[in-house]
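Visitor: Fold the following and give me the result.
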Amino acid sequence: MRAHDVTLRITLLTASIMALVLCFFAWFCLRSQWKWQTEEALRGLILVSESLKGSLRSSMLMNRRDHVQEALDHVVRTTKVQGLRVIGHHGEVRVSTVRRDIGSRLDRQAPACSMCHASSPPERERGADLRVRSRLEDRTLRAFSPILAEPGCVAGACHRADRKSSVLGVLELSLPMDDLEDSLRRNRTVLIGSAATAVLLGGLLLWQVLARWLKGPLRLLLGGIQHVAAGDLKFHVSAESADEFGDLARAFNAMSTRLAAAQEGLIRSERLISMGKLAAGVAHEINNPLTGILSYGEDLRDDMPASDPRRKSCEIIVTEALRCRRIVRDLLEFASQGQQTLTLLPPDALVSRSVDVLIRQADFRNIVFERQIEPGLPSFEVDPVQIQQVLLNLLVNARQAMPLGGKITIGARATSPEHVELFVQDEGCGILPEVRERVFEPFFSTKGGKTNGLGLPVCLGIVQQHSGTIDFESIPGHGTTFRIVLPLRQREGSRGGPT
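Guide: Prediction:
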C-alpha cells in the first residue's frame, strides 16, 4: 500500500465522520428551531386569545355579535392570524372571519368540540389552557381556547340552555405556518451549505497535514527498507521527531544495526570455518615432513662437536622447525576445538586459576593483577580447560600491550539472571580504530611477526562453541577491555561434540 493511499483513506474516513456529525448537528438545530418557533407561535396565540376574550366580554354579555365580528376581523387584518371563529357549546359556529362558516355545525369528534364534550372536561381552574393541534399537511397551526361560563353569562337569554356546562364555547385561532417553514428552509440551506463547505475545507486541510506528517515519514521508512533489502544494512533513517514515527524510525535503525552485526558475525563465522578447513589441511600436509626435518636436524646437531661452526646452523634449523611445529599446532587448534568437557565451576575459581598460572612467570613480574569478583556469583557450565585458555590468551595479550608493566584487571560479574561476564582490562596502548574490525581475523596481528595471529580467532571459536559472545572496548593510549559473556547453562544442542 502506497503512502498516498493511506492518506486518502484516512481523509475519506475523517470526512465521512465529520459529515455525519454535522448532519446530526444540523438536524438537531432545525428541530430545536422548529420547536422553539412553534412554542413562540403558541404563546402569541395565547396572548391574542386572552386579549380577545377580555375585550369581548362586555359585547358577549350584551349579545352584540356585530361587535364581536368586527373585533375578530380587526385581529385578522392587523396580525398574522389567518382565521378566528367562536364555536358554541353544541358545535355551531356563531362568529367567524370566514362568513360561509357562520351557522355551520361541527362534529363532536372535531378538536374544538372535544373541549366541551371530552370524557373528562377541563376543570374551571384549567380553563385558560389551550388544546393545540399542529397540522403540517395544511401548513396551519390551530389553537383552541375555552370560553368559560360566568354568573353573568348564564343569566342571559343566550346561554340559558347551557347553564349546566362550565364551558360555553371555544375560541378557535388559525395561524399559517408558511413563514416558519420558509425560515426553516432557509436555515436548512445555510446549514447544509456550511456543513458541505466545512467538510470540504476540513478534508483538504487534513489531506495536506497527512501528506506532510504521514507521507513524508512513510517515504523515509520505505526508502530505508529498500536500502536494507538491497543489502545496505548500515543505512539509517532520520529519527529526530519525538512522536510515534520517531519511535518507529529508531526501532528501524536499531533493527538494521542488529542485522548488520548479525551479518558481520555470520560472515566472520563462515570465514573462520573456511579458514579452519584450509588450516587443517595445510597443517596435516606440513606436519609429516616437518617432523622429519626436526628429527634430522636434532641428529645432526647432536653429532657435531660444540666447536663445529656448522652446529649453529643446525641449532637454527631445530629452532625454526620447533616454531613451525607450534604454528601447525595452533592451526590444528584453530581448525577444531575438540571435544568439550562441561563442568559446573564458580567463575572466581576459573579467574584465580588463570592468574595463578601467570603470576610467577618472569614476563609478569612488573604486572599488578587486580581481581574484581562480584560476590555470590552462581556456578556456570563450561569447559574449564578451554575457557582458561581464552583467559590466558587475553592476559598474555594484555601483558604484551604494556611492555613497561602496569595493572591488569580481571574479574567476573552477572549481566542477567542467566548470564555471567568475564573481563580482562589493561592499561596498554589500545587498539587503533582502523584495525578494530580485523582483530578476530585469522593470521592478523598488530605485533608484526612476533605472533601468528591465531590467538583471538581461537578465543572467538571457543566462546562461540559455548554459546557466548566476546567483544572489546579500546581507547588508544589508555587501554583495552575484553568482555566474554557466557550462559550459566549450555543448551542441549551446544553441548560437546567436535566442531
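
Visitor: from here on, contacts and neighbour counts on C-alpha atoms
Guide: OK.

Visitor: Spatially central residue for this protein, please.
Guide: In the chain, the C-alpha nearest the mean C-alpha coordinate belongs to E244, at 5.9 Å (C-alpha atoms, centre = their mean).

Visitor: How much space separates that residue from I10?
Guide: 17 Å (C-alpha to C-alpha, to the nearest Å).

Visitor: tell me which element P375 is part of?
Guide: Following DSSP states H and E, there is no helix or strand that holds P375.

Visitor: Please apply the same query to D302.
Guide: Using DSSP H and E, D302 falls in helix 244-303.

Visitor: Can you name every helix or strand that the next helix or strand after that helix contacts?
Guide: For helix 244-303, the following helix or strand on the C-terminal side (DSSP H and E) is helix 310-335. In terms of contact count using 3 or more C-alpha pairs under 8 Å, 6 or more residues apart in numbering; DSSP states H and E, helix 310-335 is assigned the packing partners helix 244-303, helix 455-465.

Visitor: Local confidence estimate at E421?
Guide: E421 carries a pLDDT value of 95.

Visitor: Am I right that it falls within a helix?
Guide: No: E421 is assigned strand when assessed by DSSP: H, G, I helix; E, B strand; the rest coil, not a helix.

Visitor: wait, doesn't it sit right on F380?
Guide: No: using C-alpha atoms under 8 Å, E421 is not in contact with F380; the gap is 10.6 Å.

Visitor: wait, what's in contact with V98?
Guide: 83-85 (C-alpha atoms under 8 Å, 6 or more residues apart in numbering).

Visitor: try it again with 10 Å
Guide: Residues counted as contacts of V98 (C-alpha atoms under 10 Å, 6 or more residues apart in numbering) are 73, 82-85.

Visitor: closest to S51 among those?
Guide: Nearest to S51 among those: L84, at 13.2 Å, using C-alpha to C-alpha.

Visitor: quick check, the closest one in a helix?
Guide: No: read with three-state DSSP, L84 is strand and lies in no helix.

Visitor: so where do the strands sit in this structure?
Guide: 83-88, 93-96, 131-135, 140-148, 167-176, 343-345, 367-373, 380-382, 406-416, 419-425, 469-475, 479-487 (DSSP state E).

Visitor: residues in contact with S241?
Guide: S241 neighbours (C-alpha under 10 Å, 6+ apart): 217, 247, 249-250.

Visitor: Just checking, which of these comes out lowest on pLDDT?
Guide: Confidence-wise, P217 trails the rest of the contacts of S241, at 75.

Visitor: Distance of it relative to S238?
Guide: In terms of C-alpha to C-alpha, P217 sits 9 Å off from S238.

Visitor: Now the common contact residues for the two.
Guide: Counting by C-alpha under 10 Å, 6+ apart, the common neighbours of P217 and S238 are 245-246, 249.

Visitor: Could you tell me the least trusted of the strands of the chain?
Guide: Across the strands of the chain, the lowest-scoring stretch is strand 131-135, with a mean of 48.

Visitor: Just give me the neighbour total for D303.
Guide: 10 (other C-alpha atoms under 10 Å).

Visitor: got a list of what it touches?
Guide: 297, 311.

Visitor: What are the structural domain limits within the chain?
Guide: Listed domain ranges for the chain are 3-118+126-182, 233-336, 339-494 (source: automatic domain parsing).

Visitor: export those domains to a markdown table and tack on distance to G203?
Guide: Formatted as a markdown table, these follow (distance: least, C-alpha to C-alpha, whole Å):
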| stretch | distance to G203 |
| --- | --- |
| domain 3-118+126-182 | 6 |
| domain 233-336 | 22 |
| domain 339-494 | 52 |
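
Visitor: can you tell which of those is closest to V209?
Guide: That would be domain 3-118+126-182 among these, by C-alpha to C-alpha, at 9.3 Å.

Visitor: Would you point out the most distant pair within the contacts of S241?
Guide: The widest separation within the contacts of S241 (C-alpha to C-alpha) is 12.1 Å, between P217 and R250.

Visitor: Comparing the two, which shows the higher neighbour count?
Guide: Shown here are P217 and R250; by other C-alpha under 10 Å, P217 has more neighbours (21 against 18).

Visitor: who's in contact with the closest residue to the more buried one other than its chain neighbours?
Guide: Spatial nearest neighbour of P217, excluding adjacent residues (C-alpha to C-alpha, 6 or more residues apart in numbering): F245 at 6.7 Å. The neighbours of F245, taking C-alpha under 10 Å, 6+ apart as the test, are 213-214, 217-218, 221, 238-239, 251.

Visitor: do R436 as well
Guide: By C-alpha under 10 Å, 6+ apart, the neighbours of R436 are 472-474.

Visitor: Would you check that E172 makes contact with I87?
Guide: Yes: look at E172 against I87 with C-alpha atoms under 10 Å: they come within range, at 7.5 Å.

Visitor: Those two - which one has more neighbours?
Guide: Applying other C-alpha under 10 Å to E172 and I87 shows that I87 carries more neighbours, namely 27 against 23.

Visitor: Relative to S104, how far out is the residue nearest to the more buried one when sequence neighbours are not counted?
Guide: Counting by C-alpha to C-alpha, 6+ apart, I87 lies nearest to V93, which is 4.5 Å off, once chain neighbours are set aside. Per C-alpha to C-alpha, V93 is found 6 Å from S104.

Visitor: tell me, what's touching the two both at once?
Guide: What both V93 and S104 touch, as defined by C-alpha under 10 Å, 6+ apart, is the set I87.

Visitor: contacting residues for the nearest residue to A195 once chain neighbours are set aside?
Guide: Distance criterion C-alpha to C-alpha, 6+ apart; nearest residue to A195, sequence neighbours excluded, is L22 at 5.9 Å. By C-alpha under 10 Å, 6+ apart, the residues touching L22 are 16, 28, 191-192, 194-196, 198-199.

Visitor: Tell me the buried residues within those residues.
Guide: Among the contacts of L22, those classed as buried by 16 or more other C-alpha atoms under 10 Å are 191-192, 195-196, 198-199.
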